[in-house]
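**Q** Return atomic coordinates for the entry below.
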Amino acid sequence: MRQLQYSLGTLLTLLSIPFTALAHGTEKEHQQELLMNTMLKNGLIASIILLVGLIAVWYFVNKKMNTLYVKKKEENSKRNKLNKLSKIVLIISVIPLLAAIILGFILKNQNADDSVTFMHIHGLDYTSDGQEIYVPAHDGLKIYADGVWSDHTEGEPHDYMGFSMVEDGFYSSGHPAPGSKMADPFGIVKSTDKGKTLEVLDLYEEIDFHGMTVGYNTKDIYVFNPSPNSRMDQPGFYFSTDETKTWNQSKLEGLVGKASTLATHPTEEGIVAIGTDAGVFISQDYGDSFEPLLENVNVTAVSFDHNNSLLVAVPGKGLSISLDGTNQTDLNIPQLDNGDAIAYVRQNPKDVNEFVFATFNKDIFLTKDSGETWTKIVDQGIAK
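**A** Numbers count the residues shown, from 1 in each chain. Predicted coordinates for the structure are as follows:
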């Protein structure tokens, strides 16, 4: 009966959710990059195997040839044939040898630069101690700590989507890394050991949630569901308060525009915010009803800080808005490239003066003095 309560307007809002925008990346582009890398690696392996096989054939041909008695006409004829075969095998061996050299050179050049790079950025957040920033970037997690970027080495380089850090780890959706034994897609998984291992929670092998958020302390999970599945009868906005054991569909009454970003309160249950191309809207009842906090503006990123306010990004500006809407403060942000905008923004849970944000052009900025000064720590996908 609950599903019958949805208005036509709400359903249209749900169906118009730009999930590609929520992903902040191009899945086709990523798959092409992974396919090319896999082809290069497989080509190198195949070339080496073929080369070794041809060398083995050449060795055994020569060994056989040396056993033949050249003074015997019949054996001398066989020796000549084997000698020709040996030369042919040797000539053919040049092909996989050159292929192995070329492919190895290409792969070496791809990995020659020690700097951390970002194919795409699918989120960012702090660990609970405030010492590290985690960024899921299509080819695994990137970590910023003590002023230095590093590739995550504890677990496999999965393509994490809908990534959310919590007080004791993270939750995510997404796809497995090339060669992983995990199935595709993830559904919803979580990790309490920084990604070394993943615990499957729900909808494994069924769906990849690009739009997902999890409460930092509450562990409330909210997802934009794009299609029917074994747990959700229809597309819509769903939440779970018991780690996916049960799901409830929200009404989304009062939500206006196409959703592009979402966040849930770190400590207060039932409070969730959604940013759309028509403003930012907040719900106190798990998404059943929404009230506008900011209207008639395109919102590109939202997140709750740890002072009970909402961080909101609009083109060219960052805002801090109290949850009752009575107080709004401009955040001093650096000048962004023309056409760029903030895609993700977070506050350090242990330092109220430290903020980090990532842009659609794959720039990441960090401030430790509430925006007085900013440091660009990633420049168009290249770590600094």
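**Q** going forward, measure contacts between C-alpha atoms and count neighbours the same way
**A** Noted.
**Q** State whether Thr244 and Tyr204 are indeed in contact, as I suppose.
**A** No. Counting by Cα atoms under 8 Å, Tyr204 is not a contact partner of Thr244; they are 11.7 Å apart.
**Q** Can you spell out which helices and strands pack onto the lengthiest helix in the chain?
**A** In the chain, taking DSSP state H as the definition, the longest helix is helix 27-66. Helix 27-66 makes packing contacts with helix 73-110 when contacts are defined by 3 or more Cα pairs under 8 Å, 6 or more residues apart in numbering; DSSP states H and E.
**Q** buried residues in the helix it packs on?
**A** Within helix 73-110, the residues that count as buried by 16 or more other Cα atoms under 10 Å are 78-79, 82-83, 85-86, 89-90, 93, 96-97, 99-100, 103-104.
**Q** what's around His122, how many residues?
**A** 26 (other Cα atoms under 10 Å).
**Q** so what's it scoring on pLDDT?
**A** We have a pLDDT of 93 for His122.
**Q** quick one, phi/psi of it?
**A** Phi and psi for His122, reported as degrees, to the nearest 10, are phi -110, psi 20.
**Q** any idea how far it lies from Val189?
**A** Per Cα to Cα, to the nearest Å, His122 is found 16 Å from Val189.
**Q** can you check Ser283 too?
**A** In terms of Cα to Cα, Ser283 sits 25 Å off from Val189.
**Q** Phe163 too?
**A** Distance from Phe163 to Val189, counting by Cα to Cα: 10 Å.
**Q** out of those two, which sits in the busier spot?
**A** Neighbours per residue, other Cα under 10 Å: of Phe163 and Val189, the larger number sits with Phe163, 28 against 21.
**Q** isn't that one right up against His175?
**A** No. Look at Phe163 against His175 with Cα under 8 Å: they stay out of range, at 11.8 Å.
**Q** what sits against the closest residue to Arg79 other than its chain neighbours?
**A** Excluding its sequence neighbours, the residue lying closest to Arg79 (Cα to Cα, 6 or more residues apart in numbering) is Met65, at 5.3 Å. Residues counted as contacts of Met65 (Cα atoms under 8 Å, 6 or more residues apart in numbering) are 78-79, 82-83.
**Q** can you pull the contacts of the residue nearest to Gln335 when sequence neighbours are not counted?
**A** Nearest residue to Gln335, sequence neighbours excluded (Cα to Cα, 6+ apart): Gly316, at 7.6 Å. Shown in contact with Gly316 (Cα under 8 Å, 6+ apart): 335-336, 341.
**Q** could I get these as JSON lines with secondary structure and neighbour count?
**A** Shown next, in JSON lines, are the contacts of Gly316 (DSSP: H, G, I helix; E, B strand; the rest coil; neighbours: other Cα atoms under 10 Å):
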{"residue": "Gln335", "secondary structure": "coil", "neighbour count": "9"}
{"residue": "Leu336", "secondary structure": "coil", "neighbour count": "15"}
{"residue": "Ala341", "secondary structure": "coil", "neighbour count": "24"}
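**Q** out of those, who's nearest Met182?
**A** Set against Met182, the nearest of those by Cα to Cα is Ala341 (34.3 Å).
**Q** picking up where we left off before, of the contacts of Gly316, closest to Ser180?
**A** Nearest to Ser180 out of the contacts of Gly316 is Ala341 (Cα to Cα; 34.0 Å).
**Q** which residues touch that closest one?
**A** Each residue near Ala341 by Cα under 8 Å, 6+ apart is listed here: 300, 313-316, 359-361.
**Q** Quick check: the gap between it and Leu293.
**A** Counting by Cα to Cα, the gap from Ala341 to Leu293 is 20 Å.
**Q** Over to Val256?
**A** As judged by Cα to Cα, Val256 and Leu293 stand 12 Å apart.
**Q** Those two - which one has more neighbours?
**A** Val256 (23 against 20).
**Q** Give me the pLDDT for the nearest residue to that one once chain neighbours are set aside.
**A** Closest residue to Val256 apart from its sequence neighbours, by Cα to Cα, 6+ apart: Ala278 at 6.3 Å. We have a pLDDT of 96 for Ala278.
**Q** Also Leu35?
**A** So, for Leu35, pLDDT stands at 65.
**Q** again with His306
**A** 84.
**Q** Do I have it right that it meets Pro266?
**A** Yes. With contacts counted by Cα under 8 Å, His306 reaches Pro266, the gap being 7.4 Å.
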